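A.B. asks: Need coordinates for the below:
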Amino acid sequence: MDQSLLVSVIFVLQICNSFLGNRMSGSIPDEISDISTLEELVLESNQLEGNLPSSLEKLTNLRRL
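C.D. replies: Residues are numbered from 1 along each chain as shown. Modelled structure (predicted):
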């Protein structure tokens with residue numbers, strides 16, 4: 001899944017997002033931290049690589065990653 005598409009989908013869902021096993025690849029985009037209402041982000045069983053963006057610390061409502 002294209003990173004910009006991932007960010008767009010997350011903006012639509014806003015609170016609880018499960019992308020479990022969707023064959024996504026690449027890295028987690030920094031823009032994900034713009035979704036201040038995000039509480040859960042499930043990305044397991046994908047082919048993501050790289051480090052978690054340091055900008056995730058801005059997500060004060062995030063309870064599950």
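A.B. asks: can you list the weak-confidence ranges in the chain?
C.D. replies: Low-confidence segments of the chain, defined by pLDDT under 70: 1-22.
A.B. asks: Name the residues of stretch 27-36 that are buried.
C.D. replies: Across stretch 27-36, burial judged by 16 or more other CB atoms under 10 Å covers 28, 31-33, 35. Every C-beta, even on glycine, is put in place using the N, C-alpha and C of the backbone.
A.B. asks: All the helices of this protein, in order from the start?
C.D. replies: 3-13 (DSSP state H).
A.B. asks: Which parts of it are strands?
C.D. replies: Per DSSP state E, the chain carries strands over the ranges 16-18, 25-26, 40-42, 47-48.
A.B. asks: between those, which one is nearest to residue 56?
C.D. replies: strand 40-42 (8.6 Å; CB to CB).
A.B. asks: on contacts alone, who are the packing partners of that closest one?
C.D. replies: Other helices and strands packing on strand 40-42, by 3 or more CB pairs under 8 Å, 6 or more residues apart in numbering; DSSP states H and E, are strand 16-18.
A.B. asks: If we use 10 Å, what do you get?
C.D. replies: helix 3-13, strand 16-18 (3 or more CB pairs under 10 Å, 6 or more residues apart in numbering; DSSP states H and E).
A.B. asks: Show me which positions of stretch 51-64 end up buried.
C.D. replies: Using 16+ other CB under 10 Å as the test for burial, stretch 51-64 gives 59, 62.
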